[in-house]
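> Take this sequence and fold it.
(one chain, ligands or ions: 1)
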Amino acid sequence: NLCIGEARAAEQMGAQIFEQSRVIDIQYTDRPVVKTEKGQITADKVILCGNAYMGDLVPRLDDRVLPSTSVIIATEPLSKEQVAQCMVKDVAVCDSRTALDYYRLSADKRLLFGGLSNYTGLEPANAEEVMRSKMAKVFPALRNVRIDYKWAGNMAISVRRMPQIGRIKNSNVLYVTGYSGHGVAPTHMAGRILAEAVDGDSYRFDLMNKMFHLPWPGGKLLRRPAMAVGMMWYKMLDAI
Ligand SMILES: Cc1cc2nc3c(=O)[nH]c(=O)nc-3n(C[C@H](O)[C@H](O)[C@H](O)COP(=O)(O)OP(=O)(O)OC[C@H]3O[C@@H](n4cnc5c(N)ncnc54)[C@H](O)[C@@H]3O)c2cc1C
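Reported below is the predicted structural model:
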């Protein structure tokens, strides 16, 4: 709803949105050229904000974020008794572990329960069952409720777990990526910083651009297994 509402607001202010137009190449000329399969656009400024989904479009960014999959399930609407058994207050919760669970009630009193950081970047085949058993560990009373919905998506994990805002090769192509699973609020701050930069006030953009954005160690081949081993270690610490 947030995304759709913001898209509508942007269109009302004159923005044009072209869906199903994957960018497949960028020329870093003074006026950058962005190419899709069916066309191209020449722009004064380009902002890359594909987060975990850009693949190797820009190798410099690909090296600096690791896509990780997270899954959410939504139960059937819960009865008053079930709600009282699991959520004393109607708040959003996440725990403090490295691979954390997060949950809240929807307006129609379903429990939305998310988690499962998976560094293969793929959704596990039995994701619903894995999530149900995670939910049952926290809320045993909900072990047998019906699961009505399940969805998954990729988060872009950066080494420092901080969003990375910068510029590609002194060009007019700016980027923001690496929200590390916590992007709903920071995307709005980053949007403002990038809008200021495009508008000629680059003070805050320059501060962010100066931060060194670390590449993931291990290169393309080893970074995923290295991260998986690291996560196993932290999951073990979480468990003891
Ligand atoms: C299951 C799940 C639960 C989450 N829960 C929370 C939460 O509770 N709180 C929180 O703060 N954050 C949460 N996050 C993270 C949050 O969703 C992201 O940080 C946020 O969506 C990032 O916004 P974005 O606009 O940068 O990227 P996205 O929302 O991923 O949008 C990127 C867009 O770029 C497009 N794109 C990519 N490459 C190209 C290309 N080559 N050409 C054209 N278009 C392209 C994609 O199609 C997509 O539409 C969650 C993420 C997941 C997956």
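> Tell me the secondary structure at Arg97.
On the three-state scheme (DSSP: H, G, I helix; E, B strand; the rest coil), Arg97 is labelled coil.
> List the buried residues of the helix or strand containing Asn209.
According to DSSP states H and E, Asn209 maps onto helix 203-210. For helix 203-210, burial by neighbour count (16 or more other CB atoms under 10 Å) applies to 204-205, 208-209. C-betas here are computed from N, CA, C, even on glycine.
> Now distance to the ligand and pLDDT too, for those, in JSON lines please.
Listed next are these as JSON lines, based on distance: CB to the nearest ligand atom, whole Å; pLDDT from 0 to 100:
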{"residue": "Arg204", "distance to the ligand": "18", "pLDDT": "97"}
{"residue": "Phe205", "distance to the ligand": "16", "pLDDT": "97"}
{"residue": "Met208", "distance to the ligand": "14", "pLDDT": "95"}
{"residue": "Asn209", "distance to the ligand": "17", "pLDDT": "94"}
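> helices and strands around the helix holding Asn209, which ones?
strand 164-167, helix 186-198 (3 or more CB pairs under 8 Å, 6 or more residues apart in numbering; DSSP states H and E).
> Need the winner for burial among these.
strand 164-167 (a mean of 21; mean count of other CB atoms under 10 Å).
> Do it and the ligand come into contact?
No: Strand 164-167 does not reach the ligand (CB under 6 Å from any ligand atom); its nearest approach is 11.0 Å.
> rewinding a little: mind checking which of the helices and strands packed on helix 203-210 is nearest Ser133?
For those, proximity to Ser133 was assessed by CB to CB; helix 186-198 is nearest, at 31.1 Å.
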